[in-house]
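[1] Sequence and predicted model, in that order:
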Amino acid sequence: MTLKFKVIIFTFVLLVATAAVNYAVLYSFIMPAFAELEQERADQDVRRIQGVFRAEIRDLRLNAIEWGVSAETYNFIMGPDPSQKDAYQQFNLTYDTLEELDLHLFLIYDSQNNLVWSMGRAVNDTEISIDEIFHDVPTTLQTYLADGQQDTNFFSGLMTTSQGPVLIVTHRILRNGDSLPSAGTIVLGRLLSQQDIERFERQVQGEVDFIFGHDLDLGLSLEDWGSLQKDYTKTIQKFENGHILTYAAIPNMLGQAEVLIRIHTLRDITIAGSNSALSTILVMFVIGMITLVIVRVFVKVDLIKPMNELSDVMESLMEGKHNIDVPVYQKHHEFGRIARTLEVFRQNLQERSKVEMSLQRAYEELEQEHAIQEQLTHQLAVAKDEAEMSSRTKTAFLANMSHELRTPLNAVIGFSTTMEKEVFGPLGHVKYKEYARDIAASGEHLLSIIDDILDVSKVEAGKLDLLEEVVDIEDIVQSAMSLTHERTQHAGVNVRVELAEGLPRLNADRRKLKQVLLNLVSNAIKFTDAGGNVTVSVSCVRDGGVMIVVADTGIGIAAHVLEKVLAPFGRANTPRDRNYEGTGLGLPLSKSFIELHGGTLTINSVLGTGTEITVYLPKSRTIRASTSQMSS
């Protein structure tokens, strides 16, 4: 057998074997892996839906605990004073309570599981009696309470009613959270609306059916349905015509399956993977066949024929035939490289000389560029020195100018205040007194601007120091609120203060920290329309630091000007912003003061929606009371 046929047969066998191995790997390993991925995805869909149900129950549970351990609720059932019961009913058991807690069912049972109080709210947010739409619920709940675990304070689940599925949470009514026995049971319920079911469907990648009661048309046998009723935590999966049908159940308060879920998911991973793999095998086979033809031509033309020609030449040379012509091959032919070795070597030497000359010219050009770069570097250094000198000159000028202006301004403020108070006698006309008051107010405003300019110059010069002391952040917040109270009333803005419990004291500069709060709150009030809201909250963060947040519902700041408003004298310069007075120094100074304390000031704003400014002071600035101090 010739070499040509050996190469062809070997290539063909290798091609067929590769295709067979790929096909075997596809259906032995890859396709089962695709199926496992799809099953896992379906299980994750079920867990996501069950997780949403658990989250809803968790929210209801918190409300049930709050009401169940309340002493007022306990006294409502067990207390001897009828006036206390009437007051509890008047102020707590109202329709507003249902709306506030987003409840549709509110029941109270005594320790004998007798219904003591009931309230209901329809889907259209109208107050109704229990008998109108939930007439079967109290009796059913009495059965649940009688059959439930009596040694636990809490159990929950889903209940099917005439109005639809209701999430039910119960909690024992205990005296100040004490252990059993209890005075009764409080029951809270929330209807699952169509919007809730649609929200569940958005958690998965397929179609979801919720069936309240077993339906044989869903394709689930009675045996499988019984299995889900025994263990609602399991899932059942069936493969059908390129789809996966996943069945699961949601339990009621007794842990029994109440609602059947079917998730209809397309087996897109298996289909896509199978098609892709088969296409790959087919393409590989076609490419292999084309390669086989190319190899056959290559072996014949570029290997067998030159070898035969060279063999004939060698036989002729051995026979003494020196007048034969040596074959001349193409430039890139394998056998032609032997004959061209010396020529290539000579050409390489010639090319090497050319390369060396090119490298010399490149080196000279680099030397010239290096000299130019050194000159530019020197020019930039000179320009930098000039800019720094200009900045220092500007800072010194602002500081000197501000000091020169403070003395006459203090005199103007003092004289106008003296005239306003008529220390040396009446002014003669009421307008003079108003003018004196305006002069004093304008002077104080201008003096505050000069103080800000002085602080800016000190910050830029690095000469602003902190007068640190132990301060109470609550006192600083309340002081700032008092100073802005009149402005708040005039602007018609609602200001709310939220202080977390157990706030530590701070080692900080009281005046600068207070100025930061005044700047932030004043800006929030200034840029919020009448009827808007401003919230000042102080809380502790996990790393031990303190976070102050000032949020408003004002005009907001565009994202592209956030850096600008943090620069001295920087303003947004929008048409609406120009309607508000200000120098643009409040935010830059506040940021500098906080950074001097080792903290940060960040802005999160949406134009037309509002602004939230967060001030963070690190743990190193907090002073927490010792255990003995706290106990005392």
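    Great, that's in hand.

[2] Could you tell me how many residues sit around residue 200?
    A total of 18 residues lie near residue 200 under the criterion other Cβ atoms under 10 Å. Using the backbone N, CA and C atoms, a C-beta is placed for each residue, glycine as well.

[3] Find the nearest non-adjacent residue to it, please.
    Leaving aside its sequence neighbours, residue 200 sits nearest to residue 49 (Cβ to Cβ, 6 or more residues apart in numbering; 5.2 Å).

[4] now the strands for the stretch 51-200 of the chain?
    Along the stretch 51-200 of the chain, the stretches classed as strands by DSSP state E, counting those that start in this stretch are 105-110, 115-121, 127-128, 154-161, 164-173, 184-191.

[5] picking up where we left off before, kindly provide the distance from the residue nearest to residue 200 to residue 546.
    Counting by Cβ to Cβ, to the nearest Å, the gap from residue 49 to residue 546 is 40 Å.

[6] Please apply the same query to residue 171.
    Going from residue 171 to residue 546 by Cβ to Cβ gives 36 Å.

[7] now the helices for the stretch 51-200 of the chain?
    71-78, 82-91, 95-101, 130-133, 137-147, 194-201 (DSSP state H, counting those that start in this stretch).

[8] Distance to residue 412 and mean pLDDT for those helices - can I get that in TSV?
    Shown next, in TSV, are the helices of the stretch 51-200 of the chain (distance: least, Cβ to Cβ, whole Å; pLDDT from 0 to 100):
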stretch	distance to residue 412	mean pLDDT
helix 71-78	62	85
helix 82-91	58	84
helix 95-101	56	85
helix 130-133	74	60
helix 137-147	77	66
helix 194-201	65	74
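
[9] Ok, which of those comes nearest residue 494?
    Distances from residue 494 to each of the helices of the stretch 51-200 of the chain were compared using Cβ to Cβ; the minimum, 19.5 Å, belongs to helix 95-101.

[10] in what helix or strand does residue 490 lie?
    Taking DSSP states H and E as the definition, residue 490 sits inside helix 485-491.

[11] What is that helix packed up against?
    Using 3 or more Cβ pairs under 8 Å, 6 or more residues apart in numbering; DSSP states H and E as the contact criterion, the neighbours of helix 485-491 among helices and strands are helix 510-526.

[12] can you do 10 Å?
    In this structure, helix 485-491 makes packing contacts with strand 494-499, helix 510-526, judged by 3 or more Cβ pairs under 10 Å, 6 or more residues apart in numbering; DSSP states H and E.

[13] Show me which residues of that helix are buried.
    Residues of helix 485-491 classed as buried under the neighbour-count rule (16 or more other Cβ atoms under 10 Å) are 488, 491.

[14] from now on call the first residue 372
    Happy to do that; since the first residue is 372 now, the last one works out to helix 856-862.

[15] ok, residues contacting that helix?
    Where contact means Cβ atoms under 10 Å, 6 or more residues apart in numbering, the residues beyond helix 856-862 that reach it are 852, 855, 864-866, 892-893, 895-903, 905.

[16] Then stretch 575-582?
    Contacts to stretch 575-582, defined as Cβ under 10 Å, 6+ apart, come from residues 412-413, 415-417, 419-420, 536, 563, 568-569, 571-573, 586, 588-589, 591, 614-618, 620-621, 630-637, 639.

[17] Likewise for stretch 974-981?
    Counting contacts by Cβ under 10 Å, 6+ apart, the residues outside stretch 974-981 that touch it are 895, 898-899, 903-906, 920, 922-934, 936-937, 943, 945, 947, 958, 962, 982-985.
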